[in-house]
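[1] Got a predicted structure plus its sequence, pasted below:
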Amino acid sequence: MSDAKHVHVIGIGGSAMAPLAGMLRESGYCVRGSDSGVYPPASTLLEKLGISFFHTFDAANLNPAPDLVVVGNIIARGNPELEEVLDRKIPYRSMPEILEEVFLPGRHSIVVSGTHGKTTTTAMLAWIFHSAGKKPNFLVGGVAENFGKSYGLEGGEEFILEGDEYETAFWDRGPKFFHYHPDDLIVTSLEYDHADIYRDFETYELAFRRLVNLVPRRGRVVIWGDTEHSGPALRRAAEKALCPVETYGFSAGNDWVASGLAVDGAGMRFRVVHKGKPFGEFVLAASGKHNVLNSLAAMAVAHGRGISADVLAKALSSFQSVKRRMDVKGEVRGVIVVDDFAHHPTAVRATIEAAQARWPGRRLWAILEPRSNSMRRKVFEETLPVALALADRVVLAGVFRAQQLGDENRMEPETVAKQVRELGKSARMFPSAEAIAEHVSAEAESGDLLLVMSNGSFDGLCEKLLAKLAQAAQVSFEANTR
């Protein structure tokens with residue numbers, strides 16, 4: 001890699017690949033790339049940095065030949081550029097290998113892993129370390145609002161990374177986070193996910209146990225310790241640590257304990273005790289009990305790196321979260337439209353509960369697109385209805401790219417809707433975002449909250465809802481003024 005000057009990125013439009021391209025560009029490499037489609041925020045970032053990219057995959061894109069090719073983990077054999085790379089023996093690496101070889105050497109690696117809360121906690125840590133003047137380097141799996149981008153190369157000692165358990169590349173089916181060599185490791189939670197990669201929960205759990213086992217003796221492992229909720233899997237993972245382990249949560253037995261939780265506008269107020277001694281009172285500019293847990297995990301790592309309670313308080317009170325986490329898209333005729341990334345039953349539950357606490361008294365619509373590789377499968381058909389039924393009304397879209405899954409594996413949204421109705425709540429399924437926008441805009445009333453949940457674009461549903469609501473408001477206004 002030291003001799004590579006010209007780098008080509010196959011799959012440059014990915015949520016992590018575009019930031020990686022930016023990091024390489026800022027580190028002095030000549031970077032270009034390609035993808036089947038590049039959209040904001042990836043396209044915006046690349047254009048801002050002057051990185052050129054092709055909108056199609058073509059072997060001709062590799063002329064002149066780059067010194068190195070970075071291959072995204074969704075790129076498979078048969079891709080014309082990948083085949084050209086293999087035929088011509090052009091050196092190639094995965095994204096995690098680039099981080100491992102170029103950006104992590106000489107840094108103190110802080111890795112945030114777990115089923116839920118990785119992105120928010122990573123962004124939170126980056127902001128805390130930035131606020132403390134520690135000039136962190138970081139890579140987040142989403143746009144960190146405080147920075148306006150997904151990465152930073154500030155030059156400090158720490159590199160803060162979101163530790164993704166998804167596979168590395170077509171030739172490396174192991175999880176990405178094995179390449180990140182954590183000195184400090186957070187494990188936020190362990191629940192079965194990525195059913196397309198891990199055949200069962202035991203296999204999924206094993207990856208995290210191996211990750212914990214990578215932390216050096218001088219390092220630190222921080223885990224959610226509310227045993228009645230976190231379950232035995234986290235405790236089994238902690239047993240693999242040969243370094244100190246710190247726990248956090250709401251139960252008194254944890255090293256870091258939050259109590260006195262109260263909604264404070266769009267955020268949360270709470271007190272923290274550390275190993276039995278008062279640590280401080282905090283206001284977090286993000287809503288929900290789950291974000292208080294995220295802040296405790298970040299607090300434990302930051303305190304271990306010498307950051308004081310006063311600096312933590314200032315940083316948490318000004319933390320602006322990550323795009324698509326309880327993101328208010330607009331309000332029309334008294335109806336609020338909120339966008340969120342929730343893509344697992346537990347995340348759906350936490351998001352609904354946080355929305356209810358932040359906007360008490362509003363009728364809440366839970367509008368979900370089954371889009372993630374796990375949510376598209378039957379694995380969550382039993383747990384998802386229970387989470388959705390916390391809302392007042394439920395609307396489900398069809399399974400994203402349903403044709404890729406056989407009937408025996410594919411989740412049936414109508415089955416989920418039926419189970420929600422059996423739990424006493426209104427639930428409907430519609431085949432498209434357009435149909436959902438038509439129905440919901442006609443039924444929504446002033447005071448309603450439309451909570452849109454998907455780990456993808458949902459075909460622009462938030463914008464469609466706002467447009468339909470505005471159109472209906474205009475028609476009503478014109479009718480009343482005749």
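    Cool, the structure landed. Residues are numbered from 1 along each chain as shown.
[2] For Arg349, grab the count of nearby residues.
    19 (other CB atoms under 10 Å). To be clear about C-beta, it is placed using only N, CA and C from the backbone, and glycine gets the same treatment.
[3] Surely it touches Pro385?
    No. Using CB atoms under 8 Å, Arg349 is not in contact with Pro385, being 11.2 Å away.
[4] and the gap between Ala258 and Met268?
    Relative to Met268, Ala258 is positioned 9 Å away (CB to CB, to the nearest Å).
[5] where do the contact lists of those two overlap?
    Val292 (CB atoms under 8 Å, 6 or more residues apart in numbering).
[6] Distance check, Lys89 against Ile10.
    16 Å.
[7] Who has more neighbours out of the two?
    Counted by other CB under 10 Å, Lys89 and Ile10 do not tie: Ile10 has more neighbours, with 25 against 7.
[8] That one contacts Leu82, doesn't it?
    Yes. Counting by CB under 8 Å, Ile10 does reach Leu82; the two are 6.3 Å apart.
[9] Spit out the residues that contact those two alike.
    Val71, Ile75.
[10] those helices in the stretch 201-350 of the chain, which residues are they?
    201-212, 227-230, 232-238, 289-304, 309-317, 345-358 (DSSP state H, counting those that start in this stretch).
[11] Equivalent analysis for the stretch 1-150 of the chain, please.
    17-26, 42-48, 80-88, 95-98, 118-131.
[12] Extract the residue ranges of the stretch 301-450 of the chain that are flagged as low pLDDT.
    Scanning the stretch 301-450 of the chain for pLDDT under 70 picks out nothing.
[13] coming back round to it: which of the helices of the stretch 201-350 of the chain sits closest to Phe159?
    helix 289-304 (12.8 Å; CB to CB).
[14] Mind listing what's buried along that closest one?
    For helix 289-304, a neighbour-count test (16 or more other CB atoms under 10 Å) marks 289-303 as buried.
[15] likewise stretch 407-417?
    Those would be Arg410, Met411, Glu412, Pro413, Thr415, Val416, Ala417, for stretch 407-417 by 16+ other CB under 10 Å.
[16] Any chance of those in CSV with secondary structure as columns?
    Compiled in CSV, these are given as follows (DSSP: H, G, I helix; E, B strand; the rest coil):
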residue, secondary structure
Arg410, strand
Met411, coil
Glu412, coil
Pro413, helix
Thr415, helix
Val416, helix
Ala417, helix
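[17] Take those and write them to TSV, including distance to Ile98.
    Shown next, in TSV, are the buried residues of stretch 407-417 (distance: CB to CB, whole Å):
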residue	distance to Ile98
Arg410	35
Met411	35
Glu412	40
Pro413	38
Thr415	42
Val416	39
Ala417	43
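[18] Which two of those residues have the greatest separation?
    Arg410 and Ala417 (15.0 Å).
[19] can you list the domains in this protein?
    6-94, 104-317, 327-480 (automatic domain parsing).
[20] Need the mean per-residue confidence for stretch 230-247.
    With pLDDT averaged residue by residue, stretch 230-247 scores 92.
[21] quick one: contacts of it?
    Residues contacting stretch 230-247 (CB under 8 Å, 6+ apart): 187, 189-190, 201, 205, 208-213, 215-225, 227, 249, 253-256, 300, 304.
[22] cool, stretch 459-467 as well?
    Residues outside stretch 459-467 that contact it (CB under 8 Å, 6+ apart): 329-330, 332, 337, 339, 367, 369, 397, 432-434, 436-437, 440-441, 450, 452, 454.
[23] Try it again at 6 Å.
    The contact list for stretch 459-467 (CB atoms under 6 Å, 6 or more residues apart in numbering) reads Lys329, Gly330, Val332, Val337, Asp339, Ala433, Ala437, Leu450, Val452.
[24] May I ask which of those has the most neighbours?
    Leu450 (29 neighbours).
[25] That one - that's part of a helix, no?
    No. Counting by three-state DSSP, Leu450 falls outside a helix, being strand.
[26] residues in contact with it?
    Counting by CB under 6 Å, 6+ apart, Leu450 has contacts Val337, Trp365, Leu465.
[27] Please compute how far stretch 42-52 lies from its chain's middle.
    Computed by CA atoms, centre = their mean, to the nearest Å, the chain-centroid distance of stretch 42-52 equals 22 Å.
[28] An error on my part: the question was meant for stretch 375-385.
    For stretch 375-385, the distance to the chain centre is 19 Å (CA atoms, centre = their mean).
[29] List the neighbours of it that are in contact with it.
    Ala195, His343, Pro345, Pro370, Val399, Asn409, Met411, Val416, Gln419, Val420.
[30] Just the buried ones from these, in ChimeraX syntax?
    The buried subset of the contacts of stretch 375-385, as determined by 16+ other CB under 10 Å, is captured in ChimeraX by this line:
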select :195,343,345,370,399,411,416,419,420
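[31] Which member of the contacts of stretch 375-385 is positioned nearest Tyr166?
    Taking CB to CB as the measure, Ala195 is the one of these closest to Tyr166, at 11.8 Å.
[32] now, of the helices of the stretch 1-150 of the chain, which is deepest in the fold?
    When these are scored by mean count of other CB atoms under 10 Å, the highest mean neighbour count falls to helix 118-131 (a mean of 27).
[33] Give me the helices and strands touching that one, please.
    When contacts are defined as 3 or more CB pairs under 6 Å, 6 or more residues apart in numbering; DSSP states H and E, helix 118-131 packs onto strand 108-113, strand 137-144, strand 158-162, helix 289-304, helix 309-317.
[34] quick check: angle from the fourth one to helix 345-358?
    By that I understand helix 289-304. 100 degrees (axes from the mean of the first three to the mean of the last three CA atoms, to 10 degrees).
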